[in-house]
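Undergrad: The amino acid sequence is not available; the structure is as follows:
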């Protein structure tokens, strides 16, 4: 199939599609398409059985409907569950063998897959639609014993690790979209950091949805063994599309004793046009388990894209003294809707969690923070601090806060505060007076509002994210 | 309690209802029978699974009404007051000796006084279906009460394994002012469930203050839904000191319908011995320039569970809204629990809305400080708890009433 609808919308910088022939699974959600995916991925039997088990479970589950943003019913039988660039069926041995059109796409996205890759110091596992095409910096990582590859490769090469950890944080039976992912996931990243190793660079994956009508079902699994550290970046841009595209990824993190995982996301998928047509449905399940003592998981997210964002990166604090953090910026403009937040489940003693959430709504958008802090009866001396602030621009948008707070023992302390307001007129006036136009002033003030979260991002992302914050709000004032 | 159903024929036992009323009652009862007692699967009951609570504590329960014999009871001597006496929800008598009687109308429950609302809450539907008792109090225009009105809510000894349903209405007309104290006296040593519905209507410039308090600990299970509508420049204020009940859920819905209207909800609770109490509020800011303020303080001892579910809704036209929610809880025993869900749903941009929620134990340093000054640990705890809860009591303006409430509250705390 050839894609002809090249983007002409100047508002969306990253909206372009490349013409690449695809191999596709038969349309529809059934056992055959699952078997097809498994066959294409050359998976062992246990993996296929696992997928089919998830599919059995899926038949019994109902799509959740408690979320704030409502969306038209998704016809799961009208989607393709597998599509791979044709040239990937023969794995490229070097960059020269990679489809030149693909390379061109990456260039437009600014992925340093060519020579400049070494200078930028980023190892990239680029996912073009569903198959990871090339992974860089492998040798350097291999030297340290770090495994960083696509999940399909990991299933073949490191089945014991995958078998042990996949589904251990997000079980097969979790909820509709997570189970759907377990049945039909196509690709994603796998990271294993061995005991005592500090990953020398930021690991990064660039996701890109390309073929039309293909929902992407990524599966990411990161395991930080005892005393290790890893920082992982996930960034997304997607080309212009008219129909809605479903993205239901699962991300599982496991931190063992004294390990630390930092997971950062900048999400800038196609949000639909000014009238709310099109755009991506971003229904992602992200969950981390602090299994070991003194382990730490930190989520940072900048959500500016997607028509609907619906996700709650969570931490299960099982190990004593473990720490969970969640830093989030969610910006919605025009008709975008976001329902995002986190769950901090305290099970171990002396566990700590911190939640900083900044929501910005403009246009006719709706932005909801929904979060759970649950301190179990055995999680003695635990502590949580939550702060969620919302900023409203214009009187057609909405900002909502729905925190659930449970404290089941007397030695733990929970604090929660939230505010909702608009941009201070005086601040705007002051900026205008100093020669900034309205949009520059808003961008500056909003960046200040988000500073606490932006500071958590690694350098490479922080610059991009700051620009995104400004771009996302263009046209929302005046 | 799993398949608890009430026979539709029970509705026939209610006197003098017309066809419309009957249909309305049947519809509501059918809804209740379909849903049963709500479980934690329902969002509004997430933290208080009523079906589980009932299954644990009631072997049987029915709705046959017990005709109360008028008991002797002692009036509060601490301050002069008017009163209304209710026994098992039925209006028995009233006395407005300090007031101009032409300005006050009090009557028994009448179906016509209430709009036929639709509800998704099975417990409210149960009330709509079966309520047949209660009072209707109307304060005419331009009248300010001289003395406070005490509503003695007495439950008789014979009550056991019963559900009581009653509906009350309070109307305060333009420029009028009313203060009430809802004083619950429970003589029954057995378990029962009182399910009441209250409609509060405040006209322009009206003021209404209510304090709700128990005489002593009791085994009662209570649910109260309050539906308030507040017109411009009117103000509603409620104090909840309902400590000492096995189960209590106050479900308060206030519509701020007129400009510059205000709503104030404050609560100080001391819960122990398996007590389970929930304060649920929904404040709807529907017009500009309204204010709402909520402060919920709870102290939780052995096995007690406290819940606060508060929601502020701000409509898109309700600019210049000022809304605040605060819930604070002290968990002083290892197996106590506090759950909260302070929710904001905001569609207007020029607003000031915020909330805070904290829970934790008494500050160790403060206890240490007091102990270095010669207090025992228990005394130090009592002092700190007292200070924590008294902040709410101090907002009561009348000195005599404040003292009365303080003494009741202290009795709770020093029993600890």
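TA: On my side now, so go ahead. Keep in mind that this is a model prediction, so the values were computed, not measured.
Undergrad: Contacts (any at all) between chain B and stretch A:57-76?
TA: Yes. Using C-beta under 8 Å from any C-beta of the partner chain, stretch A:57-76 reaches chain B at residue A:66. Backbone N, C-alpha and C define where each C-beta goes, glycine included.
Undergrad: Quick check, pLDDT for the closest residue to chain A within the stretch 251-400 of chain B.
TA: Nearest residue of the stretch 251-400 of chain B to chain A: residue B:360, at 3.4 Å (C-beta to the nearest C-beta). In this model, residue B:360 is scored at 92, pLDDT.
Undergrad: Could you give the bridge partners of the residue lying closest to it once chain neighbours are set aside?
TA: Nearest-residue entry for residue B:360: residue A:413, 3.4 Å, with adjacent residues in sequence omitted and distances by C-beta to C-beta, 6 or more residues apart in numbering or on different chains. As for beta bridges, residue A:413 partners with residue A:383 under DSSP bridges.
Undergrad: Model confidence at residue A:413, what's the number?
TA: As predicted, residue A:413 sits at a pLDDT of 94.
Undergrad: ok, it to residue A:318 distance?
TA: Separation of residue A:413 from residue A:318 (C-beta to C-beta, to the nearest Å) stands at 20 Å.
Undergrad: The residue nearest to residue B:360 touches residue B:362, doesn't it?
TA: No. Proximity of residue A:413 to residue B:362 does not meet the contact threshold set by C-beta atoms under 8 Å, at 11.0 Å.
Undergrad: got the residues of chain A near chain B?
TA: A:66, A:377, A:390, A:392-422.
Undergrad: can you list the residues of chain B near chain A?
TA: Counting by C-beta under 8 Å from any C-beta, chain B sits next to chain A at B:43, B:46-47, B:300, B:316, B:319, B:329, B:331-361.
Undergrad: Which PyMOL command selects the buried ones in those?
TA: Of those, the buried ones go into a single PyMOL selection, burial set by 16 or more other C-beta atoms under 10 Å in any protein chain shown:
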select buried, chain B and resi 46+47+300+319+329+331+332+333+336+337+338+339+340+341+342+343+344+345+346+347+348+349+351+353+354+355+356+357+358+359+360+361
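Undergrad: pLDDT weak spots in the stretch 151-300 of chain A?
TA: Along the stretch 151-300 of chain A, segments meeting pLDDT under 70 span A:205-215, A:236-244.
Undergrad: any idea where the helices of it begin and end?
TA: Under the criterion DSSP state H, counting those that start in this stretch, the stretch 151-300 of chain A contains helices at A:151-157, A:159-165, A:176-184.
Undergrad: Show me the residues of chain A next to chain B that map onto strands.
TA: A:390, A:392-393, A:398-407, A:413-422 (DSSP state E).
Undergrad: re the thing from before, selection in ChimeraX covering whichever of the residues of chain A next to chain B are buried, please.
TA: This is the ChimeraX syntax for the buried subset of these, where burial follows 16+ other C-beta under 10 Å:
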select /A:390,392,393,395,397,398,399,400,401,402,403,404,405,406,407,408,409,410,411,412,413,414,415,416,417,418,419,420,421,422
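Undergrad: what comes into contact with stretch A:42-51?
TA: For stretch A:42-51, the external contacting residues (C-beta atoms under 8 Å, 6 or more residues apart in numbering or on different chains) are A:34-35, A:37-38, A:41, A:152, A:155-156, A:159, A:163, A:166-167, A:172, A:182-184.
Undergrad: Going by distance to residue A:350, which of those residues wins?
TA: Nearest to residue A:350 out of these is residue A:167 (C-beta to C-beta; 28.4 Å).
Undergrad: That closest one touches residue A:182, doesn't it?
TA: Yes. With contact defined as C-beta under 8 Å, residue A:167 reaches residue A:182; the gap is 6.7 Å.
Undergrad: Tell me which of those two has more neighbours.
TA: residue A:182 (26 against 21; other C-beta atoms under 10 Å in any protein chain shown).
Undergrad: contacting residues for the more buried one?
TA: Counted by C-beta under 8 Å, 6+ apart, residue A:182 has contacts A:50-51, A:54, A:167, A:170, A:172, A:219, A:250.
Undergrad: make it 6 Å
TA: By C-beta atoms under 6 Å, 6 or more residues apart in numbering or on different chains, the contact set of residue A:182 is A:54, A:172.
Undergrad: swap in the one 10 residues further on?
TA: Applying C-beta under 6 Å, 6+ apart, one finds that residue A:192 lies in contact with A:147, A:161, A:223.
Undergrad: Please render these as TSV that adds neighbour count to the earlier fields.
TA: Output for these, formatted as TSV (neighbours: other C-beta atoms under 10 Å in any protein chain shown):
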residue	neighbour count
A:147	18
A:161	17
A:223	25
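Undergrad: List phi and psi for residue B:146.
TA: As for residue B:146, its main-chain torsions (degrees, to the nearest 10) stand at phi -80, psi -50.
Undergrad: SS state for residue B:387?
TA: Counting by DSSP: H, G, I helix; E, B strand; the rest coil, the backbone at residue B:387 sits in helix.
Undergrad: For it, report the pLDDT, please.
TA: pLDDT for residue B:387: 92.
Undergrad: now the one 10 residues further on
TA: You'll see residue B:397 listed with a pLDDT of 91.
Undergrad: number of nearby residues for it?
TA: 9.
Undergrad: which stretch of helix or strand covers it?
TA: For residue B:397, there is no host helix or strand (DSSP states H and E).
Undergrad: what sits against it?
TA: With C-beta under 6 Å, 6+ apart, residue B:397 has no contacts at all.
Undergrad: For chain B, what's the nearest residue on the stretch 251-400 of chain A?
TA: Across the stretch 251-400 of chain A, the shortest distance to chain B (C-beta to the nearest C-beta) belongs to residue A:392, at 3.8 Å.
Undergrad: hang on, isn't that residue packed against residue A:419?
TA: No. When contacts are counted by C-beta atoms under 6 Å, residue A:392 is not listed as touching residue A:419 (11.1 Å).
Undergrad: On the strand side of things, show who residue A:391 bridges to.
TA: residue A:360, residue A:421.
Undergrad: For it, give its distance to residue A:68.
TA: Where residue A:68 is concerned, residue A:391 sits at a distance of 18 Å (C-beta to C-beta).
Undergrad: So between these two, which is more surrounded?
TA: In this view residue A:391 and residue A:68 are compared by other C-beta under 10 Å, and residue A:391 has more residues nearby, 24 against 17.
Undergrad: if I read this right, the more buried one contacts residue A:360, doesn't it?
TA: Yes. Judged on C-beta under 6 Å, residue A:391 makes contact with residue A:360 at a distance of 4.7 Å.
Undergrad: what residue is smack in the middle of chain A?
TA: Residue closest to the mean C-alpha point of chain A, counted by C-alpha atoms, centre = their mean, is residue A:265 at 5.5 Å.
Undergrad: With that, I have no additional questions.
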